[in-house]
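Enquirer: Here is a sequence with its predicted model. Questions after.
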Number of protein chains: 4
Amino acid sequence: MGAGEDARAIDIRNAFALGSALANEDWVVLTGGRNRGVMDAVSKGAKASGGLTVGILPTKNRRTISAAVDVAILTDMGSARNYINVLTSDVIVACGEGGAGTASEIALALKSDKFVVLFNSSNESRALFKKIGGRLIFETDSVAKTIDVIRQLLAKKAKSSTRRTKR
Amino acid sequence: MGAGEDARAIDIRNAFALGSALANEDWVVLTGGRNRGVMDAVSKGAKASGGLTVGILPTKNRRTISAAVDVAILTDMGSARNYINVLTSDVIVACGEGGAGTASEIALALKSDKFVVLFNSSNESRALFKKIGGRLIFETDSVAKTIDVIRQLLAKKAKSSTRRTKR
Amino acid sequence: MGAGEDARAIDIRNAFALGSALANEDWVVLTGGRNRGVMDAVSKGAKASGGLTVGILPTKNRRTISAAVDVAILTDMGSARNYINVLTSDVIVACGEGGAGTASEIALALKSDKFVVLFNSSNESRALFKKIGGRLIFETDSVAKTIDVIRQLLAKKAKSSTRRTKR
Amino acid sequence: MGAGEDARAIDIRNAFALGSALANEDWVVLTGGRNRGVMDAVSKGAKASGGLTVGILPTKNRRTISAAVDVAILTDMGSARNYINVLTSDVIVACGEGGAGTASEIALALKSDKFVVLFNSSNESRALFKKIGGRLIFETDSVAKTIDVIRQLLAKKAKSSTRRTKR
């Protein structure tokens, strides 16, 4: 998750590198699906490494779909689609400072008890979401550390699923 | 908007007083509609002053509806209903510190270009949403000031509507 | 529920008379909220008898709200709002032949185990929904009979609620 | 689209064969995603032929996901997810008689101006949706004919997209 039209150049670069690294781990990359900003860049990075990309879009307008999205879900539900984005994800990564849309996704993820990685977030965002989210929030400042945190979180989830199955 | 199960006693008291004051202005009070925390208290306050209350609920379970809600909208859409709450409101008031749900509503409101009043919010919440929302964010620390800000915002909206109509 | 832009003159007239009769029973009238066709006419009829009207709209565009709607809920969720309409209603009345939107609401209502009254429906609509809905479907051909059926259904619901409460 | 818990044996068999044939055409198969009835069978058929399957689920409960779904979208929006299903699809196929859920998807598809193929539908369903949907409705009684109709519809869509692009 991250800024669309207002993404900074550094966030776009990081998003592309992150997408590429996620695909190298064979993880499916899910974004907001539009052809703008962080969501577009992370999908492009994932495709550059041969990954599978899913995009969940706010409108039903096919022209807004990123060319790097393989599976485009058209919701026509505006920002309500942010809730679907976080429920569908195993781990949410907020890449860069983001704006109101990104903040809503972080908050909805915490409300749904999901892990959130703040990658190069703002001080203000880290302060609020750490306060609200506690153990669900992780902070990183590089692609390598972000991948590492996700790997640990997925391992933890897999372990708890196994335990649940055994009972 | 505000905390549900985790609301503090001070937020509940303020919410009741705010609901009462809103109804005295003849404004319709819209909340998340459940029989918990700030949403329940503000609706009760509004009814105590003879106001009209609307609640937009996350489930389709009628037993969760606050007894103080006149018009209950059942969405069965979980936290996606937060988006409907903010779109339907003229002004959003976040009462108290709130948690992830409240933060998501503030963020969705800013994304939708809506005015948000932070009434007794946390320092962290004020810092982030002021940074993201700029001129859309207002901060208050009493019921009287909150009512005053809303009155000014509604007057501003009315004026801009009139202007639009005249063109 | 009923046709919007494509409503027939007879459906509009029936919708107005029905809205008026519903308000005379002190029932809240809920519609799709737009200023078109059956939803507009039934709201106007209800206001003519001093009733309370609720409208749940597909967009966030305030200019599409019927002037006869007291409480307008803006969803920005397109036809997904049809699901909210039926969940929120105690009894659904499809007024006139309707089109694809009306058919979707009848089907969603049956899926949600709601009573549906087909008032002056088409033969094809009655045949399919009777087959699918069985005991949930009622057919009427006048405002008076429609009101009578609703009264019986609400009485039945009240009784079953009471029974549930007593246990 | 088709029945879940109440699917008939014949519909399940047809759904499996259809899923297999769709995958042989290299088309992505999108369903309601649950591990029940037609949606489960068509996904299994598609996987048996090496296809890609997408499922859009009504809840956020991962245990309800069909084992044959590759990309599972969790909406937590109940039957409102039916709207996303039809918007995201190029062509909708209703397989078998279906119930209220299937009828709602056909109606929502027609409302959204989508092509719908009724494969082994009931007489009542064909009568109503032909009346409402006109040129958007196609009727088939075998997997081979269903594939043939879809191929023609996709060719028509591709042509009209090309034309649009040229302008």
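Expert: It's in.
Enquirer: Can you tell me the element the residue lying closest to residue A:50 once chain neighbours are set aside falls in?
Expert: Leaving aside its chain neighbours, residue A:50 sits nearest to residue A:23 (6.2 Å; criterion: Cβ to Cβ, 6 or more residues apart in numbering or on different chains). Glycine gets a C-beta too; all of them are placed from N, C-alpha and C. Element membership for residue A:23, per DSSP states H and E: helix A:9-24.
Enquirer: who's in contact with the closest residue to residue A:60 other than its chain neighbours?
Expert: Nearest non-adjacent residue to residue A:60, counting by Cβ to Cβ, 6+ apart: residue A:76, 4.2 Å away. Residues in contact with residue A:76 (Cβ atoms under 8 Å, 6 or more residues apart in numbering or on different chains) are A:58, A:59, A:60, C:77, C:78, C:79, C:80, D:83, D:84, D:87.
Enquirer: can you count the residues close to the residue nearest to residue A:50?
Expert: 22 (other Cβ atoms under 10 Å in any protein chain shown).
Enquirer: That one contacts residue A:16, correct?
Expert: No: judged on Cβ atoms under 8 Å, residue A:23 makes no contact with residue A:16 at a distance of 11.1 Å.
Enquirer: Give me the common contacts of those two.
Expert: Joint contacts of residue A:23 and residue A:16 (Cβ under 8 Å, 6+ apart) are A:45, A:48.
Enquirer: what about the nearest residue to residue A:140 once chain neighbours are set aside, distance to chain D?
Expert: Once flanking residues are discounted, residue A:140 sits nearest to residue A:146: 4.5 Å by Cβ to Cβ, 6+ apart. As judged by Cβ to the nearest Cβ, to the nearest Å, residue A:146 and chain D stand 22 Å apart.
Enquirer: what helix or strand is residue A:146 on?
Expert: Counting by DSSP H and E, residue A:146 is found in helix A:143-166.
Enquirer: Tell me, what's the model's pLDDT at residue A:105?
Expert: Listed pLDDT for residue A:105 reads 98.
Enquirer: Over to it. Which of the three states is it?
Expert: helix (DSSP: H, G, I helix; E, B strand; the rest coil).
Enquirer: and it, what is it in contact with?
Expert: So residue A:105 contacts A:1, A:82, A:85, A:86, A:92, A:94 (Cβ under 8 Å, 6+ apart).
Enquirer: Which of the three states applies to the second one?
Expert: Classification of residue A:82 into helix, strand or coil gives helix, according to three-state DSSP.
Enquirer: what does the fifth one give?
Expert: When classified by three-state DSSP, residue A:92 comes out as strand.
Enquirer: What of the fourth one?
Expert: The local conformation at residue A:86, judged by three-state DSSP, is helix.
Enquirer: Hmm, residue A:92 and it touching each other?
Expert: Yes: look at residue A:86 against residue A:92 with Cβ under 8 Å: they come within range, at 5.6 Å.
Enquirer: what residues are shared contacts of those two?
Expert: A:105, A:109, A:114.
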